[in-house]
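Chemist: Give me coordinates for this.
(one chain, ligands or ions: 1)
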Amino acid sequence: MEQNQIIDSLNWRYATKKFDANKKISAPDWKVLSESLHLAPSSYGLQPWKFLVVQNKETLKKLTPLSWNQTQVEDCSHYIVFTTLNKVTEDHVKKFIAKTAEVRGQQPNDQGLMAYQDMMIGDVVKGPRSEIGKWWSQRQSYIAMGFLMQTAALLKIDTCAMEGIDPKGYDDVLGLTGTGYETVAAVACGYRHSDDKYQTMKKVRFDTSDVIKFV
Ligand SMILES: Cc1cc2nc3c(=O)[nH]c(=O)nc-3n(C[C@H](O)[C@H](O)[C@H](O)COP(=O)(O)O)c2cc1C
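Modeler: Numbers count the residues shown, from 1 in each chain. Predicted coordinates for the structure are as follows:
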């Protein structure tokens, strides 16, 4: 891909306010989008998240008033709610280590893996960062959000990040209470409506030299 194609896709993307409810993301495109979430990086690789693709129409209807009545919730093709661990647990770290051993063909009690496990537990479960585990997990999820939105833009699929929601209300509707996961934000994915006036608005960004400094 040429450099200018990447910049074109960054300019093409905008926070879509009005989706065309008749246009749906194809299965092959959805596969790519879901891999952009699946392959997103996270600190230590711990993936403290679950991405809920809300398909049930009744559920989406309940989420709309919990989303400042924004129409994207029901009109987009795939509405993805980003949820993260409210506390990083020893079990979660052990699950990750077990997966690592499986994928990389290591013994489950491999010395290096055990040392890595103890180090992570000593940090995010019991150590200094355990106090901010919830915020730490939430921060990771914004990386996945960025991956999703840029991958979508490369495929000419529209998105809107949605923080204008009531996370606690979402937790209730989605049955998250007691699961250890809490709603952070959402991303609506689909196709812009031809009426959406925001698509022609110029991007407002501070000058590059104002925000990027070589120091
Ligand atoms: C984390 C985050 C949350 C956002 N929440 C909303 C939202 O709830 N509703 C909305 O219409 N736009 C939302 N936006 C879109 C921003 O307003 C938009 O990205 C910003 O104004 C820049 O415009 P652009 O994305 O069109 O370039 C959100 C963006 C981000 C990154």
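
Chemist: Can you report phi and psi for S34?
Modeler: With angles defined as degrees, to the nearest 10, S34 sits at phi -70, psi -30.

Chemist: nearest spatial neighbour of the residue of the chain found nearest the ligand, skipping sequence neighbours?
Modeler: Here the residue of the chain nearest the ligand is G164; by C-beta to the nearest ligand atom that distance is 2.9 Å. Using the backbone N, CA and C atoms, a C-beta is placed for each residue, glycine as well. Leaving aside its chain neighbours, G164 sits nearest to W68 (4.7 Å; criterion: C-beta to C-beta, 6 or more residues apart in numbering).

Chemist: Before we move on, what's the pLDDT of the one you found?
Modeler: At W68, the model reports a pLDDT of 98.

Chemist: again with L85
Modeler: 97.

Chemist: Can you report how many residues lie near the nearest residue to it once chain neighbours are set aside?
Modeler: Residue nearest to L85 in three dimensions, not counting chain neighbours: P48, with 4.3 Å by C-beta to C-beta, 6+ apart. For P48, the count of nearby residues is 28 (other C-beta atoms under 10 Å).

Chemist: do you know how far P48 is from V54?
Modeler: The span separating P48 from V54 equals 20 Å under the rule C-beta to C-beta, to the nearest Å.

Chemist: Repeat that for Q70.
Modeler: Look at Q70 and V54: by C-beta to C-beta, they are 14 Å apart.

Chemist: what does the model give G133 for pLDDT?
Modeler: Looking at G133, its pLDDT is 88.

Chemist: quick one: secondary structure of it?
Modeler: Three-state call for G133 (DSSP: H, G, I helix; E, B strand; the rest coil): helix.

Chemist: Can you tell me the element the nearest residue to it once chain neighbours are set aside falls in?
Modeler: Leaving aside its sequence neighbours, G133 sits nearest to V88 (C-beta to C-beta, 6+ apart; 4.5 Å). Using DSSP states H and E, V88 is not contained in any helix or strand.

Chemist: strand partners of the helix or strand hosting A186, parallel vs antiparallel please.
Modeler: Taking DSSP H and E as the criterion, A186 maps to strand 181-190. If you go by DSSP bridges, strand 181-190 pairs up with strand 78-85 (antiparallel), strand 158-162 (antiparallel).

Chemist: Next, the buried residues of it.
Modeler: By 16 or more other C-beta atoms under 10 Å, the buried positions in strand 181-190 come out as 181-190.

Chemist: how about those residues in CSV, adding distance to K126 and pLDDT?
Modeler: Shown next, in CSV, are the buried residues of strand 181-190 (distance: C-beta to C-beta, whole Å; pLDDT from 0 to 100):
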residue, distance to K126, pLDDT
Y181, 21, 98
E182, 21, 98
T183, 26, 98
V184, 24, 98
A185, 28, 98
A186, 32, 98
V187, 33, 99
A188, 38, 99
C189, 38, 99
G190, 43, 98
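
Chemist: could these go into a markdown table alongside distance to the ligand?
Modeler: As requested, the buried residues of strand 181-190 are exported to a markdown table (distance: C-beta to the nearest ligand atom, whole Å):
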| residue | distance to the ligand |
| --- | --- |
| Y181 | 18 |
| E182 | 16 |
| T183 | 13 |
| V184 | 9 |
| A185 | 6 |
| A186 | 8 |
| V187 | 9 |
| A188 | 9 |
| C189 | 13 |
| G190 | 14 |
